[in-house]
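Novice: The following comprises the amino acid sequence and a computationally predicted model.
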Amino acid sequence: MAILKPVFLIVYALVTQKNIDMPRAHRKILTIILFLAPISGMGIDIYAPSLPYLSSFFSISHLMAKNTISVYLFGLTIGQIFSGSLSGVFGRKPILIGGLILFILSSLSAAISTHISWLMLARFIQGLAVTASTVMMKALGTDSFTREEMKKISTYFVISCSLGDYHIPRVFTLWTYTTCHS
């Protein structure tokens, strides 16, 4: 967790900057949005280093192992069609929380799967579930900020995604190395 500390500190520093002229409630929403931003990339960034090991673990071809990423992206595509509509019916908060819970459960299911079919299904559900965070992040931004404020804070979205894409794979590579080699 020490590796993630710089990410949290940078996001906190971005949100508490004095040059961002916005109410305290908007700062809280911005903080939530900045922590949601890198989640969609986690399904690939954490997963991609394990592709060579999947082939040997499941006794499958490298192409079949790569198809697990395609299945995730297909779920991500399909989920975006429904997440916006469902949030309009049920509200943003239940869809966001439900999607995050489903993402965690499908990630755990993928981690313990013993057959490639179960892994593919878990990856598809993971892709469906992660769209809740991406769609709700954009919807929260649109609902909470004016067009001018969105122009100012769009840089923070990019920084948050970049930091997440940079640090998250390192954390899980370190965790995998320490758990497998101890």
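Specialist: Yep, that arrived.
Novice: And Ala129, how far from Arg123?
Specialist: Separation of Ala129 from Arg123 (Cβ to Cβ, to the nearest Å): 11 Å. (Glycine included, C-beta is placed from N, CA and C.)
Novice: joint contacts of these two?
Specialist: Gly75, Ser106 (Cβ atoms under 8 Å, 6 or more residues apart in numbering).
Novice: what residue lies at the spatial centre of the chain?
Specialist: Ile39 (1.4 Å; Cα atoms, centre = their mean).
Novice: what's the pLDDT at the closest residue to that one other than its chain neighbours?
Specialist: Nearest non-adjacent residue to Ile39, counting by Cβ to Cβ, 6 or more residues apart in numbering: Ser133, 4.6 Å away. Turning to Ser133, the model gives it a pLDDT of 86.
Novice: Show me what the helix or strand Leu108 falls within is packed up against.
Specialist: Here Leu108 sits within helix 92-112, counting by DSSP states H and E. Applying 3 or more Cβ pairs under 8 Å, 6 or more residues apart in numbering; DSSP states H and E, we find helix 92-112 packed against helix 39-45, helix 62-90, helix 116-144.
Novice: Nearest to Ile101, out of those?
Specialist: Ranking the helices and strands packed on helix 92-112 by proximity to Ile101 (Cβ to Cβ) places helix 116-144 first, at 8.1 Å.
Novice: Now do the closest one and helix 62-90, the angle between them.
Specialist: Orientation check (axes from the mean of the first three to the mean of the last three Cα atoms, to 10 degrees): helix 116-144 against helix 62-90 gives 40 degrees.
Novice: tilt between helix 116-144 and helix 92-112?
Specialist: Here helix 116-144 runs at an angle of 160 degrees relative to helix 92-112 (the same axes, to 10 degrees).
Novice: Pull out the buried residues from helix 116-144.
Specialist: By 16 or more other Cβ atoms under 10 Å, the buried positions in helix 116-144 come out as 116, 119-141, 144.
Novice: Quick one: list the elements packing against whichever strand or helix holds Ser55.
Specialist: If you go by DSSP H and E, Ser55 is part of helix 51-58. Helices and strands touching helix 51-58, by 3+ Cβ pairs under 8 Å, 6+ apart, are helix 62-90, helix 116-144.
Novice: so which of these gets nearest Ser154?
Specialist: helix 116-144 (8.7 Å).
Novice: and that closest one, how far out from the chain's middle?
Specialist: Averaging C-alpha positions (Cα atoms, centre = their mean, to the nearest Å) puts helix 116-144 8 Å from its chain's average.
Novice: measure Ile78 to Leu128 for me?
Specialist: As defined by Cβ to Cβ, Ile78 lies at a distance of 6 Å from Leu128.
Novice: meant to ask about Lys66, not that
Specialist: For Lys66, the distance to Leu128 - Cβ to Cβ - is 20 Å.
Novice: List the buried residues in the helix holding Leu108.
Specialist: Buried, per 16+ other Cβ under 10 Å, within helix 92-112: Arg92, Ile95, Leu96, Gly99, Leu100, Leu102, Phe103, Ser106, Ser107, Ser109, Ala110.
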